[in-house]
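Q: just coords:
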């Protein structure tokens, strides 16, 4: 899919419009990160490997167990947004101490999430 989006991006103005590929163009060109909702240290490692393989920037959302791979995320400069039902100040403080760049309490407001993602650039 990402290879197809790269090829689509190189196409001329006369190419047929493909909304899925069109949406991926800013991601494959590095203008926007890809939001990856993933939890568990093995899955987070897989997401990091995927981003490197596809040469895209990612932001990890969800992030359960991100603290277990915090050194990897820091090394790769991958932001983490913790999305949780835990809304106490102590929960947020713990998440931020573990290396999260932001913290959102569910249910997630789409506008709030977009604003937080844009703030990373």
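A: The structure has been received and is ready for your questions. From a predicted model like this one, the values you see are computed outputs, not experimental measurements. Numbers count the residues shown, from 1 in each chain.
Q: hey, let's count contacts and neighbours off CA atoms from now on
A: Will do.
Q: Toward the C-terminus, what is the element adjacent to the longest helix along the chain?
A: For the chain, the longest helix by residue count, based on DSSP state H, is helix 41-54. Next in sequence after helix 41-54, counting helices and strands by DSSP states H and E, comes strand 58-62.
Q: Point me to the helix or strand that includes residue 111.
A: helix 110-119.
Q: got it, and residue 36?
A: strand 34-38.
Q: State whether residue 25 is indeed within a helix.
A: Yes: assigned with DSSP: H, G, I helix; E, B strand; the rest coil, residue 25 falls within a helix.
Q: what about this protein, any weak spots by pLDDT?
A: In the predicted model of the chain, no residue satisfies pLDDT under 70.
Q: still on that earlier bit, given the strand holding residue 36, what are its sheet partners and their directions?
A: strand 58-62 (parallel) (DSSP bridges).
Q: Could you pull out the buried residues of the partner strand?
A: 58, 59, 60, 61, 62 (16 or more other CA atoms under 10 Å).
Q: Would you pull up how far that strand lies from the middle of the chain?
A: Mean-position distance between strand 58-62 and its chain equals 3 Å (CA atoms, centre = their mean, to the nearest Å).
Q: That one vs helix 110-119, what angle?
A: Per axes from the mean of the first three to the mean of the last three CA atoms, to 10 degrees, the angle that strand 58-62 makes with helix 110-119 is 140 degrees.
Q: Following strand 58-62 in sequence, what is the next regular element?
A: Immediately after strand 58-62, counting by DSSP H and E, sits helix 70-75.
Q: got the angle for the helix or strand following that next one vs helix 110-119?
A: Moving toward the C-terminus from helix 70-75, the next helix or strand (DSSP H and E) is strand 80-84. Here the directions of strand 80-84 and helix 110-119 differ by 160 degrees (the same axes, to 10 degrees).
Q: what sits against the closest residue to residue 54 other than its chain neighbours?
A: Nearest in space to residue 54, with sequence neighbours left out and distances taken as CA to CA, 6 or more residues apart in numbering, is residue 2 at 7.1 Å. Residue 2 sits next to 24, 28, 54 when contact means CA atoms under 8 Å, 6 or more residues apart in numbering.
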